[in-house]
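Enquirer: Compute the structure for the input listed below.
(chains A, B, C and D, ligands or ions: 4)
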Amino acid sequence: MNDKVHLDRAHLRHLLTAMLRIRRFEEKCFELYQGEKIRGFMHLYDGEEAVSVGVVETLRPEDAIVATYRDHGQALARGIGMNKLMAEMYGKLEGCCRGRGGSMHVFDAATRFYGGNAIVGGGLPLAVGTALGDKMLKRNSVTACFFGDGAVDEGSFHESMNLASLWKLPVLFVCENNLYSMGMAVERAEADTDIGHKGVAYHMPGEVVDGMDVVAVEAASHRLVAQVRESRVPCLLECRTYRFRAHSMFDAQLYRQRAELETWRQRDPILRLQAWLGETGMLHAEEIERIEAEVAAEIDAAIAFAEAGTLEDVKDLERFTIMDRVPQ
Amino acid sequence: MNDKVHLDRAHLRHLLTAMLRIRRFEEKCFELYQGEKIRGFMHLYDGEEAVSVGVVETLRPEDAIVATYRDHGQALARGIGMNKLMAEMYGKLEGCCRGRGGSMHVFDAATRFYGGNAIVGGGLPLAVGTALGDKMLKRNSVTACFFGDGAVDEGSFHESMNLASLWKLPVLFVCENNLYSMGMAVERAEADTDIGHKGVAYHMPGEVVDGMDVVAVEAASHRLVAQVRESRVPCLLECRTYRFRAHSMFDAQLYRQRAELETWRQRDPILRLQAWLGETGMLHAEEIERIEAEVAAEIDAAIAFAEAGTLEDVKDLERFTIMDRVPQ
Amino acid sequence: MSQSAGGPQPRRITYREACKQGIRSAILADPRVFLMGEDVARYGGCYAVTKGLSEELGEDRIRDTPLSEAGYVGAGIGAAIAGMRPIVEIMTVNFSLLAADQIVNNAASISHMSGGQFAVPVVIRMATGAGRQLAAQHSHSLEGWYAHIPGLKVLAPATHEDARFMLQPALDDPNPVLIFEHVMLYNREDVLDQAVTGVDITSAKVMRPGSDVTLITYGGSLFKTLEAAETLHAEGIEAEVIDLRVLRPLDTPALLTSVARTHRAVIVDEGWRSGSLSAEIAARLAEAAFFDLDAPIRRICSAEVPIPYAAQMEQAALPQPAAIVAAARGLVPSR
Amino acid sequence: MSQSAGGPQPRRITYREACKQGIRSAILADPRVFLMGEDVARYGGCYAVTKGLSEELGEDRIRDTPLSEAGYVGAGIGAAIAGMRPIVEIMTVNFSLLAADQIVNNAASISHMSGGQFAVPVVIRMATGAGRQLAAQHSHSLEGWYAHIPGLKVLAPATHEDARFMLQPALDDPNPVLIFEHVMLYNREDVLDQAVTGVDITSAKVMRPGSDVTLITYGGSLFKTLEAAETLHAEGIEAEVIDLRVLRPLDTPALLTSVARTHRAVIVDEGWRSGSLSAEIAARLAEAAFFDLDAPIRRICSAEVPIPYAAQMEQAALPQPAAIVAAARGLVPSR
Ligand SMILES: Cc1ncc(C[n+]2csc(CCOP(=O)(O)OP(=O)(O)O)c2C)c(N)n1
Ligand SMILES: Cc1ncc(C[n+]2csc(CCOP(=O)(O)OP(=O)(O)O)c2C)c(N)n1
Ligand SMILES: [Mg+2]
Ligand SMILES: [Mg+2]
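Expert: Residues are numbered from 1 along each chain as shown, chains lettered A, B, ... in the order given. Ligands and ions are numbered 1, 2, ... in the order given. Below you'll find the model as predicted:
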């Protein structure tokens, strides 16, 4: 775990907390789904927390994010309040999208969080566009565009990579390669599985990083975001990771072996960081308990908030289909 | 001009004749278009003849072809009769598609010529399919899929290259890189202009060849078709070529310099082959005149055929929208 | 042999199982038939329709594809032209937009524009519809959109019988056939009448006879409409319920025959109202049943909004039995 | 100031030129406006609409894109959300199928599904229609398809005035607006009334008043319909011609007002008949003008075939003035 990011105690505590917030939040979501408080499609990020935490850490407030349906990690890392995220999952009016989007469609104007997109690959052209807009408006912003290994199979990946590179747009493409798109192993979906290398076909610089190591992700993202911001060229970051749970709540996981899962569990990004912090004496057990307690309290509060939330009045069903102005 | 293809006189005469048939046919088409005998969009192949002649030469009758709207070259090289091709351009019932397709949509069941596709990149998935079908039906066939440099920008290129390579399908992808897609220079459209190299991203072998040298094209295509047929893997052949005329009949050519055109004209595949045949004494001027006369006669006959053709009865307008059987 | 005579009770199966049986027999019956799509093999199908089939039939015949909708739909079209009889599964109609070019510009056009030289005997199956709180990008009902395209046939199996048997005639058809399976039907249970061994893909079907008003619908809305008819019956209104079954070409004579008797029509369609299939049906009645109609045509469709996630909002956006009942009641003079 | 009073004769310009003027002033008026699309800059536009503009406005504001319809349409959507006001040109509606996912699942959905946090002020222009012998893959009229999608506005400028002035209100609108320009109109010449400096994008317009029958149309079919009205006039039938102008949302009150006076309606639409926009209009009349109508609704649409290349076949497939005349004549009782 070496890099140019400052590895002080406060920062590492912060990274750990950020990952734990996601992990514990989603553990609760899983229960809430089984209790039918949350419905629809829900995709958990369990195991992949280091990716969004590490990348989002390197962004500034003026930067933008485009995510996928597996978006809780990015949303929490970006600072979207847990209350309004939970309320969204509950379908409540107090949710970040008034309960209209649900788990797959988290949006937040304040943090330039442009969704939660449920079409695989559908966010990539959007990210090209936000970066183009930022560039034309002479903002010094970067768009971080998250997508899965499955999105690499889609034509939109190819078109977006080419456009961004051709026009020298400030996009950091972040591939969360968790080895599967639903049940499709990456080697059964792609003739060349070396995703990090695919930038070459577009003259786009890139790196491959251990997505189970939050510090490594942060370091790599730090380098690439700096490159994007300074040289105004897009970069590709492949994060090798793994989801510990099923693809969604409807998945018998017939397509992968328990042993594979167990191997990856050994590399759990949270346990790994905790262990290292323990070994180096940077964070003691009590401190971790304190973090866990804080996180638990935050989640309890979020659930209480969501429970107490209201349902949007069906009279407002058609509202915002057509906008009467561009929100500021 | 060296390769493993047998360079005997008869064969070279054949190649020259094949190219001249296309060139002279299209020169006539140009006139006929101005005389309003031919309408719609018409895209001429002037300058690029070596590509289709060289590649088609290496195919067998059981092989398949998927082409683009710029398809006269492939059609004539493949042996679709000039009469029915000309009648098609005239919109006559005696045309290969009853006059329904016109210049952009030449189809011919007898020679497995699957169009003439007017959507850029639209033919690539089709070619993957014909190859998949052939493979499943245990035919030893190859599908040659022609497309322009512009098609490389489309998502369908990416998806099709990946599918063909992943499933080890017998496709020869032939990119006719004439440096422009309409007015868009390849370096303004692609972040990485090295098309021949793009196979690497799909683990697909490939070659780049001088598309103005029919013997070189034939030799390269010969190697790759053999590889496709024997190893049952797809290959990519980039042919560097140039169109001497406008993109279509509506094109002021504002986007390229006359000097560039003149440089490429020096490499005219027909003149080059003729010159070489002359120098080496393999073909004398009288022989070339004889070929020209034969070709002229064939074209005259085709025009006469098309002129004498009939117009499809509008009563048949709806026929074949829905088929009542699969034609054998 | 009488149905009640001893023998084992016919087993209740899900609509999903009926679809699977249809696929399985079609593949077993013809070596040219295979199915391809995302996660159809190892995962077992996103709605579990093909679960277990790849183990039995092999991964060549139940073929997992990468996430490349334009690519593999186009490949299905090409394979059909080359002589195979592919069944292409697109997980849901929402993703079919990525393959719309291949469906419209290739599948639907090649026969006609080649002057009849080629047929395109491909079947494209996909799930459609809302009701599972999947929100805006996963809840479309675009079958009416595709029913606009000449060269395609479009089917909407609502019943188990159609789910089980429409596939074979679709494969036998030389034309591209799109099959839309409503997501809310997969878990429905029903028995398959053992005496039925096939269905046509040409006609609409009267699912409940009635004389006061004709309720025209298809797919997932059929059961809501039947429920509405039951309520109307309790009120003394006899509604005739027609299941369109085939969305292109429409069986217009069946509709006209019914309306000639009932003189009133309500069309129920989960598509967004404006420009949905219901509009075409209303137009045909306004053209051809004008003198038969005693009352304006009514349409019960989805509200014109991207479908929201929250349950109460989603349900408010979709056609509901109460609205069908109210519309029918409004047309029939009180007695 | 009277129009005939001295001054220079107003110049006849092409519809193409009117479109260009609209683009040019919109870009000059607002630094956030730019246009991107295939061959819009160096080539000058596939229908020469933007010829010369990149020289004047720069290649940043008139931006050539690679052949990546999904990519650059999605980029236009993203740029709009980020604060720009992009005009995206898709050469023709035929290629828009490659971007259908971006248009439906992103442009049309993001405002609603984000709970109103974002607007998507993008304008997407494209050519539509047949008549130039471009055959099956280049002759679609799919504007009615897009008019089905909630969240979009859809415009069809038929007149020079609309070609010149619809773009600005479309850009000012916070919603995604699709503009369909019929390919047969680009060469049409007409004068622009110098007194007109803007148009609305909300209303249909009576282009010719009449009392016997209402002819409802839009886009490229407007002039065929006006021609038909002229013929009918010579026969003593006064047809009212309505140009829809806006295909979504439809100006239904304007249609009802007219039909309430004429009691008869013919709809002319170059879309394929089944499921075309004409169906929605007929449905609305059958719902809301039922008691006003004295005769069945008639529709003159394209034949349901992929449009063929040969001239006589293509023309046979398209709506023609003679058919409009015959339909109207059939509805009006002879006097
Ligand atoms: C265009 C499209 N096709 C299919 C789907 C269904 N689907 C949802 S998630 C998913 C897998 C995507 O895998 P990947 O991109 O690797 O992301 P991951 O779920 O692994 O994070 C699929 C196929 C979809 N949402 N969109
Ligand atoms: C999807 C699509 N986009 C745009 C067009 C319009 N168009 C026709 S040909 C062409 C240029 C294609 O260039 P290239 O692939 O290099 O082939 P070439 O014409 O040079 O042979 C374009 C943009 C089209 N037919 N299809
Ligand atoms: Mg994945
Ligand atoms: Mg080219």
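
Enquirer: beta partners of the residue in the stretch 101-250 of chain A that ligand 3 sits nearest to?
Expert: Proximity of the stretch 101-250 of chain A to ligand 3 (CB to the ion) peaks at A:Gly148, 3.6 Å away. Every C-beta, even on glycine, is put in place using the N, C-alpha and C of the backbone. For A:Gly148, the beta-bridge partners are A:Glu176 (DSSP bridges).

Enquirer: My guess is it contacts A:Leu179. True?
Expert: No. Using CB atoms under 8 Å, A:Gly148 is not in contact with A:Leu179; the gap is 9.9 Å.

Enquirer: ok, these two, which is more surrounded?
Expert: A:Gly148 (26 against 18; other CB atoms under 10 Å in any protein chain shown).

Enquirer: Would you mind identifying the next helix or strand past the helix or strand hosting A:Tyr33?
Expert: Element membership for A:Tyr33 (DSSP states H and E) is helix A:9-34. As assigned by DSSP H and E, the chain's next helix or strand after helix A:9-34 is helix A:49-56.

Enquirer: after that next one, next one along is what?
Expert: Past helix A:49-56, the next helix or strand by DSSP H and E is strand A:64-66.

Enquirer: Can I get the helix or strand following that following strand as CSV, trimmed to CA atoms?
Expert: Sequence-wise, the next helix or strand downstream of strand A:64-66 (DSSP H and E) is helix A:72-78. Extracted in CSV, the C-alpha atoms of helix A:72-78 (Å, rounded to 0.1, in the frame of the first residue of the first chain):
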residue,chain,number,x,y,z
HIS,A,72,-25.4,3.1,-3.8
GLY,A,73,-21.6,3.1,-3.3
GLN,A,74,-21.0,6.0,-5.6
ALA,A,75,-23.9,7.9,-4.1
LEU,A,76,-22.8,7.5,-0.5
ALA,A,77,-19.2,8.2,-1.3
ARG,A,78,-20.2,11.3,-3.1
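
Enquirer: average model confidence for the helix or strand following helix A:72-78?
Expert: Counting by DSSP H and E, the next helix or strand C-terminal to helix A:72-78 is helix A:82-89. For helix A:82-89, the mean per-residue pLDDT is 98.

Enquirer: Need the contact partners of helix A:82-89.
Expert: The contact list for helix A:82-89 (CB atoms under 8 Å, 6 or more residues apart in numbering or on different chains) reads A:21, A:25, A:29, A:32, A:37-38, A:42, A:72, A:75-76, A:93-97, A:99, A:101-103, A:106, A:298-299, A:301-303, A:305-306, A:309.

Enquirer: Any residue of stretch A:200-213 touching chain D?
Expert: No. Figure legend: stretch A:200-213 not in contact with chain D (CB under 8 Å from any CB of the partner chain); closest approach 11.3 Å.

Enquirer: what's the first-to-last distance across that stretch?
Expert: End-to-end distance of stretch A:200-213 (CA to CA, to the nearest Å): 25 Å.

Enquirer: pLDDT wise, what is the residue nearest the centre of chain A at?
Expert: In chain A, the centroid-proximal residue (CA atoms, centre = their mean) is A:Gln74; its distance is 3.2 Å. Looking at A:Gln74, its pLDDT is 98.

Enquirer: again, but for A:Leu124
Expert: 98.

Enquirer: In this structure it contacts A:Ser156, no?
Expert: Yes. At 5.1 Å, A:Leu124 counts as touching A:Ser156 under the criterion of CB under 8 Å.

Enquirer: who touches both of the two?
Expert: Residues touching both A:Leu124 and A:Ser156 (CB under 8 Å, 6+ apart): D:Gly74.

Enquirer: give the contact list for the residue of the stretch 101-250 of chain A closest to ligand 3.
Expert: By CB under 8 Å, 6+ apart, the neighbours of A:Gly148 are A:Thr68, A:Arg70, A:Val120, A:Cys175, A:Glu176, A:Asn177, A:Asn178, A:Ser181.

Enquirer: Return every residue with contacts to both of A:Gly148 and A:Leu179.
Expert: Both A:Gly148 and A:Leu179 lack any common contact, where contact means CB under 8 Å, 6+ apart.

Enquirer: Quick check: residues of the stretch 101-250 of chain A near chain C?
Expert: Counting by CB under 8 Å from any CB, the residues of the stretch 101-250 of chain A that sit close to chain C are A:101-102, A:104-105, A:117-122, A:150-151, A:153-155, A:181-184, A:188-190, A:250.

Enquirer: what about 6 Å?
Expert: Residues of the stretch 101-250 of chain A lying near chain C by CB under 6 Å from any CB of the partner chain: A:101-102, A:105, A:118-120, A:150, A:153-155, A:181-184, A:189.

Enquirer: tell me which of those is nearest to C:Asn106?
Expert: For these, the minimum distance to C:Asn106 (CB to CB) is 15.4 Å, reached by A:Gly155.

Enquirer: Where do the strands of the chain begin and end?
Expert: Because you didn't say which chain, this covers chain A. Here chain A has its strands, by DSSP state E, at A:64-66, A:143-148, A:171-177, A:180-181, A:184-185, A:206-210, A:235-240.

Enquirer: Oops, wrong one, chain C.
Expert: So, for chain C - with DSSP E - the strands run C:12-14, C:33-37, C:62-64, C:85-92, C:123-128, C:153-155, C:177-182, C:189-191, C:205-208, C:213-217, C:239-243, C:246-248, C:265-272, C:298-302.
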